[in-house]
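> fold the following for me, if possible:
(one chain, ligands or ions: 1)
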Amino acid sequence: MKFQYITLICFMALFGCGTPMDKHRENIKTSTGNQTSTTDDFNWNPENFSDKKIVRYQIPGFDKLTNQQKAYVYYLTQAGLAGRDIIYDQNYKHNLAIRHALENIVINFKGDKNTDDWKNFMEYTKNVWFSNGIHHHYSNAKFNPKFSEKYFNELLTAVKGNLNDDAKKAMFDPKIDAKKVSLDGTKDLIQTSAVNLYGDNVTQKDVENFYAKKIKKGDPKPISYGLNSKLVKDKNGKLVEQVYRVGGKYGLALEKVVGWLEKAATVAESPDQAKALGLLIKYYKTGDLKVWDDYNILWASTTKGDIDYIHGFVEVYNDPMGYRGSYESIIQINDFEASDRMKTLSQNAQWFEDNSTILPEHKKKNVGGVSYKVVNVAGESGDASPSTPIGVNLPNANWIRATHGSKSVSLGNIIHAYDKASGEGSLKEFANDKEEIANAEKYGDVTDKMGTALHEVIGHASGKINDGIGTPKETLKNYASTLEEARADIVALYFIMDPKLVELGLIPNTEAGKAEYDGYIRNGMMLQLKRLKPGDIIEEAHMRNRQLISAWAYEKGKKDNVIEKITRDGKTYFNINDYGKLRGIFGDLLRILQKIKSEGDFEAGKALVEKYGVQVDPVLHKEVLERVKKLNTPPYGGFINPKLVPVVKDGKIVDVKVEYPDDFTKQMLEYAKEYSTLPDYN
Ligand code: ZN
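Predicted coordinates:
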């Protein structure tokens with residue numbers, strides 16, 4: 001499973017509160033001192049085009065790795081990139097031919113580049129790179145070139161390039177293969193989807209029959225049927241799977257992948273990691289899905305080490321029938337900073353419980369912190385790049401998850417980069433004064449992360465349910481997740497202003513907490529409404545909980561003007577006048593929310609959520625939408641990968657340097673040069 005486009009969401013909610021998390025990873029090393037994960041002059045968002053923004057991310061903690069670990073990361077990222085062409089071909093049969101033609105033009109065209117035609121050509125090309133093909137990565141609709149076929153032909157002639165007529169038609173005729181993945185159940189899903197996972201004359205019925213025969217009913221350990229093949233009809237009309245493997249389909253790319261994985265295995269952090277890689281290699285060589293399962297079992301239980309990766313034909317969202325996996329890779333390094341924060345909080349969990357505002361009878365005598373896993377991405381490829389998930393939970397096979405566990409990770413540096421790339425404009429638009437902006441810029445990073453850690457580690461772990469009361473799901477029903485998220489948020493809000501955090505070295509001073517309060521109220525009262533369409537009510541649990549807390553605090557503080565609603569030049573702002581009093585109000589709400597959970601008080605919970613968390617002020621909503629629209633921030637983000645450069649001595653990698661390229665086009669052309677492993681058609 002992957003999680004996308006949801007920033008500022010709770011990790012527990014991503015992966016389900018109460019589901020067993022993977023064992024907390026034991027770290028080989030713990031960091032000391034302050035790691036700065038960002039620099040002020042880093043350009044997070046070098047470019048926008050079409051409906052997309054290009055974002056850069058950093059790899060905090062890379063310099064904490066040993067040289068062997070760095071080499072491991074390097075080989076794994078290379079293995080990922082070596083298979084990059086596969087996703088283009090999987091997405092659509094003409095994608096590689098088209099991409100090759102486009103790249104030839106971008107590299108070799110020497111004519112006028114100031115014309116609208118050329119600009120439109122470049123925008124189209126960038127869209128293709130961004131989506132790994134000629135269909136939009138999210139909407140699945142085919143891109144319409146804003147330049148003519150005639151102009152395209154002129155470009156091709158100028159660079160002595162060519163493209164076959166079918167591929168050209170696919171580019172320019174909007175009726176042909178208009179949708180990458182169609183989920184319109186009234187039509188043949190295979191025939192109406194352009195995705196290249198089935199042969200041209202294969203129908204939905206064919207696929208259904210093929211797997212109905214193949215899949216053994218009641219098998220407790222079913223392999224992932226169809227995951228690594230294309231299903232086609234042979235010349236006698238018989239259905240056959242063309243298996244992705246060395247010597248088979250995509251063999252040329254997988255050969256290179258295997259070469260890098262073999263190198264990675266020699267520098268793995270542990271024998272278990274090396275063994276898992278050995279199974280992955282065997283799987284790519286044989287295409288045997290039983291080996292894929294063996295690999296996943298070992299991978300899921302290999303939790304020691306600072307480095308991990310996802311590599312393979314994994315997610316099945318691109319197959320309208322849900323069988324075939326899209327090629328992807330994500331290389332991850334433990335987020336040492338987050339691990340340290342979590343550890344410090346966990347060790348002090350009892351102090352927070354004892355000093356909470358909740359009623360004594362609702363306090364746990366022995367509270368332990370909840371651990372969650374944050375990683376930093378070192379490189380991505382295939383379906384995970386340039387557009388990336390922000391969290392992943394694997395493996396997908398249910399029986400393996402049930403028996404051997406799964407790994408859930410939140411991609412910390414990706415989420416951070418997203419926030420950096422989009423946050424500034426809305427901060428300046430919605431903050432009431434310069435002081436608020438300055439505070440957010442100074443402390444926003446540290447308090448954001450601290451808020452999340454408090455929410456997850458202390459918030460969700462805190463408080464106990466009275467004896468004989470059922471689980472929140474049973475008692476609070478459809479309000480359970482909103483109320484649980486609100487409770488975890490309010491724990492975080494209450495403690496982020498506590499001197500204890502300064503004493504523990506987790507935040508520089510209590511001033512920092514003010515940035516979190518400002519940001520929370522700004523978002524809860526206004527900014528988050530940007531996600532709703534006019535006339536909508538709030539339905540998503542996190543949005544409900546944020547408005548609930550903000551609106552409740554606003555109302556309770558009204559008599560003392562704790563939070564002031566200001567209208568200036570026709571715009572609304574919320575300004576916090578008294579942070580100390582607001583903290584007291586948060587403490588009151590914390591006690592109330594815990595009481596509702598402890599007693600399983602459905603009516604009280606319902607009343608809170610319905611009164612404060614659901615309804616939208618249509619006038620304010622309209623204002624927010626207009627102000628956000630003016631900011632003109634594209635809805636989709638995709639990432640330039642850092643470049644890992646090995647330092648080789650006597651044939652051995654002795655160090656790896658990280659460079660942060662800032663030109664999307666340049667990176668795409670470099671990838672084309674370095675990692676073109678497949679011909680136009682496969
Ligand atoms: Zn949560």
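
> run through who's touching stretch 619-626.
Applying Cβ atoms under 8 Å, 6 or more residues apart in numbering, the contact partners of stretch 619-626 are 526-527, 529-530, 532, 534, 570-572. C-beta here means a position set from N, CA and C on the backbone, and glycine is covered the same way.

> next one: it to chain centre, how far?
Computed by Cα atoms, centre = their mean, to the nearest Å, the separation of stretch 619-626 from the middle of its chain amounts to 28 Å.

> so, low pLDDT: which residues of the stretch 101-250 of the chain?
For the stretch 101-250 of the chain, no stretch is flagged by pLDDT under 70.

> now it against the ion: closest residue?
Of all residues in the stretch 101-250 of the chain, Tyr138 sits closest to the ion, with a separation of 25.8 Å (Cβ to the ion).

> residues contacting that residue?
Counting by Cβ under 8 Å, 6+ apart, Tyr138 makes contact with 387, 636.

> got the phi and psi for the residue nearest to the spatial centre of the chain?
The centre of the chain sits closest to Ile390, judged by Cα atoms, centre = their mean, with a distance of 1.3 Å. When read as degrees, to the nearest 10, the backbone of Ile390 gives phi -110, psi -10.

> how much space between it and Phe210?
Using Cβ to Cβ, to the nearest Å, Ile390 is found at 35 Å from Phe210.

> so which strand or helix has the residue of the stretch 101-250 of the chain closest to the ion?
Assigned by DSSP states H and E, Tyr138 falls within no helix or strand.

> tell me which element Ile105 falls in.
Assigned by DSSP H and E, Ile105 falls within helix 95-108.

> for that helix, packing partners?
For helix 95-108, the elements it packs on are helix 84-91, helix 116-131, helix 149-158, helix 165-172, helix 664-675, judged by 3 or more Cβ pairs under 8 Å, 6 or more residues apart in numbering; DSSP states H and E.

> tell me which of the ones you listed sits most buried.
Of all these, helix 84-91 has the most neighbours on average by mean count of other Cβ atoms under 10 Å, namely a mean of 26.

> and it, how far out from the chain middle?
Computed by Cα atoms, centre = their mean, the chain-centroid distance of helix 84-91 equals 20 Å.

> please settle this for me: is Glu564 part of a helix?
No. Assessed by DSSP: H, G, I helix; E, B strand; the rest coil, Glu564 does not belong to a helix; its assignment is strand.

> identify the residue nearest it in space, chain neighbours excluded?
Closest residue to Glu564 apart from its sequence neighbours, by Cβ to Cβ, 6 or more residues apart in numbering: Asn575 at 4.8 Å.

> and that neighbour, helix, strand or coil?
strand.

> OK, contacts around it?
Each residue near Asn575 by Cβ under 8 Å, 6+ apart is listed here: 432-433, 436, 563-564, 566.

> those: which two are farthest apart?
Asp433 and Ile563 (14.0 Å; Cβ to Cβ).

> neighbour count for these two, which is higher?
The residue with more neighbours, out of Asp433 and Ile563, is Ile563; 24 against 12, by other Cβ atoms under 10 Å.

> now render the contacts of Asn575 as a markdown table, adding pLDDT and distance to the ion.
What follows is those, written out as a markdown table (pLDDT from 0 to 100; distance: Cβ to the ion, whole Å):
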| residue | pLDDT | distance to the ion |
| --- | --- | --- |
| Asn432 | 95 | 28 |
| Asp433 | 95 | 31 |
| Glu436 | 95 | 26 |
| Ile563 | 98 | 24 |
| Glu564 | 97 | 29 |
| Ile566 | 97 | 31 |
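
> the stretch 451-600 of the chain: strands as residue ranges?
Taking DSSP state E, counting those that start in this stretch to define them, one finds strands in the stretch 451-600 of the chain at 563-568, 571-576.

> buried stuff in the first one?
In other words, strand 563-568. Ile563 (16 or more other Cβ atoms under 10 Å).

> same thing with the last one?
For strand 571-576, a neighbour-count test (16+ other Cβ under 10 Å) marks 572-576 as buried.

> what's the pLDDT at the residue of the stretch 401-550 of the chain found nearest the ion?
Nearest to the ion in the stretch 401-550 of the chain, going by Cβ to the ion, is Ala488, at a distance of 4.4 Å. Predicted confidence (pLDDT) for Ala488: 94.

> the residue nearest to it when sequence neighbours are not counted: neighbouring residues, count only.
Distances taken as Cβ to Cβ, 6+ apart place Gly459 nearest to Ala488, at 3.1 Å, with adjacent residues excluded. Residues near Gly459, counting by other Cβ under 10 Å, number 30.

> Gly459: what's it in contact with?
Contacts of Gly459 by Cβ under 8 Å, 6+ apart are 487-492.

> residue of the stretch 151-300 of the chain nearest the ion, please.
Here the residue of the stretch 151-300 of the chain nearest the ion is Ala300; by Cβ to the ion that distance is 23.6 Å.

> what is the neighbour count of that residue?
Burial of Ala300 is recorded as 20 neighbouring residues (other Cβ under 10 Å).

> residue contacts, Lys428?
Lys428 neighbours (Cβ under 8 Å, 6+ apart): Ile437.

> from Asp117, how far out is it?
Using Cβ to Cβ, we find Lys428 at a distance of 36 Å from Asp117.

> before we move on, what about Gly638?
On the measure of Cβ to Cβ, Gly638 and Asp117 end up 24 Å apart.

> likewise for Asp489?
Distance, Asp489 to Asp117, by Cβ to Cβ: 51 Å.
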